[in-house]
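>>> This is a predicted model, with the sequence first.
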Amino acid sequence: MRTWLITGASRGFGTLIAEHALRAGDAVIATARKPEEVIAKLGDHPNLLAVRLDVTREEEAHQAVAQGIKRFGRIDVLINNAGFGVLGAVEETSASETERLFATNVFGLLNVTRAVLPHMRRQRSGHVINISSIGGYQAYMGWGVYGSTKFAVEGITEALHQELAPLGIHATVVEPGFFRTDFLDEQSLVKTALELPDYDETVGAMRKYAESANHAQPGDPVKFAEAMLTLINAPKPPQRLALGSDTIARIEGKNRLVAQELADWNELALSTDFKD
């Protein structure tokens, strides 16, 4: 029996992953700001420990991990899932909106990871899975500051992948596209207080798209949760896992653009080396 610690487990991907892990016979430390909401969703399961955790509070991360270790003895899988989005132009996103976003999406992820890793290092085993987004691979209008938090998650995970491999611990960043969750609802998505008319054709159009696309996204959240089971059962898990046809299309498009720009500017790029 493996033990999972899942952040943001009271709804969306977090709840579904917890359900699938419990169904597989594993134990789950399901964390949320309101753990009673976890119980309301998942029931009173013998292998479930619902724990309060605001990921922005490092002391709560250590307390949650300590409770999980006391109950189950180990943590084998960490799913850093807690987070939210901000929709707005880079210029429209205030300092306070940006700081709040980074506090959860980046610093919160680091808080929980630092609390869990000493136990995985002691075990010489484990798997850290950080939920990113296609916005962490390719930025897009209206999602610049949100995407920057996910770009940070990508970089953190790539480094973890290298640092933890000799210790028998895996690290994977998961890049979902648009899945039919509540991500575009008000509880998960914040719109900037400032909306400048000059961005009506770009960010304004994205705001309208987000409203029309809510609960009509192409990705199936249940299949996402099933993919997490496949991922942790893989003998050689990947450094990054893209999920969704829209994600694949965006990644392939960006890779083509980057390759073309490298070719177009190759001569200038190489000219900057010393000529020893």
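Structure's in. What do you need?
>>> Am I right that residue 194 sits in a strand?
No - counting by DSSP: H, G, I helix; E, B strand; the rest coil, residue 194 is located in no strand; its state is coil.
>>> Tell me how many other residues surround residue 244.
Residue 244 is flanked by 21 other residues according to other Cβ atoms under 10 Å. For glycine as for every other residue, the C-beta is placed from the backbone atoms N, C-alpha and C.
>>> Look up the pLDDT of it for me, please.
pLDDT recorded at residue 244 is 90.
>>> Now do the strands in the stretch 101-250 of the chain.
126-131, 169-176, 189-191, 240-243 (DSSP state E, counting those that start in this stretch).
>>> With mean neighbour count added, can I get the ones you listed in a markdown table?
Formatted as a markdown table, the strands of the stretch 101-250 of the chain follow (neighbours: other Cβ atoms under 10 Å):
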| stretch | mean neighbour count |
| --- | --- |
| strand 126-131 | 24 |
| strand 169-176 | 24 |
| strand 189-191 | 17 |
| strand 240-243 | 19 |
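>>> between those strands, which one is nearest to residue 63?
Set against residue 63 and scored by Cβ to Cβ, the strands of the stretch 101-250 of the chain come closest in strand 126-131, at 19.5 Å.
>>> Just want the angle from the closest one to strand 169-176.
Relative orientation of strand 126-131 versus strand 169-176 (axes from the mean of the first three to the mean of the last three Cα atoms, to 10 degrees): 20 degrees.
>>> What's the mean pLDDT across strand 126-131?
In the prediction, strand 126-131 has an average pLDDT of 98.
>>> Which neighbours in the sheet does it have, and how are they oriented?
The strands beside strand 126-131 in its sheet (DSSP bridges) come out as strand 77-80 (parallel), strand 169-176 (parallel).
>>> For residue 1, find the nearest of those strands.
strand 77-80 (11.6 Å).
>>> before we move on, the earlier item: let's have the strands paired with strand 126-131 in CSV, adding mean pLDDT and distance to residue 24.
What follows is those, written out as CSV (pLDDT from 0 to 100; distance: least, Cβ to Cβ, whole Å):
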stretch, mean pLDDT, distance to residue 24
strand 77-80, 98, 11
strand 169-176, 97, 18
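>>> I'd like to know which of those strands lies nearest to residue 195.
Among these, strand 169-176 comes nearest to residue 195, with 26.9 Å by Cβ to Cβ.
>>> Quick one: distance of the closest one to the chain centre.
Centroid displacement of strand 169-176 relative to its chain, using Cα atoms, centre = their mean, to the nearest Å, is 9 Å.
>>> Contacts made by that strand with the rest, please.
13, 117, 120-121, 124-134, 136-137, 153-154, 157-158, 160-161, 164, 219, 224, 228, 231, 237-244, 247, 251 (Cβ atoms under 8 Å, 6 or more residues apart in numbering).
>>> same question, stretch 150-158
Counting by Cβ under 8 Å, 6+ apart, 80, 102, 105-106, 109-110, 113, 128, 130-133, 135-137, 139, 171-173, 175, 239-240 sit against stretch 150-158.
>>> Return the set of buried residues in that stretch.
Applying a neighbour-count criterion of 16 or more other Cβ atoms under 10 Å, one finds 150-154, 156-157 buried in stretch 150-158.
>>> Count the residues that sit near the closest residue to residue 48 other than its chain neighbours.
Spatially, and ignoring its direct neighbours in sequence, residue 48 is nearest to residue 28 (5.3 Å; Cβ to Cβ, 6 or more residues apart in numbering). Neighbour count for residue 28, taken as other Cβ under 10 Å: 29.
>>> Which ones among the contacts of strand 169-176 lie within helices?
13, 117, 120-121, 153-154, 157-158, 160-161, 164, 224, 228, 231, 247, 251 (DSSP state H).
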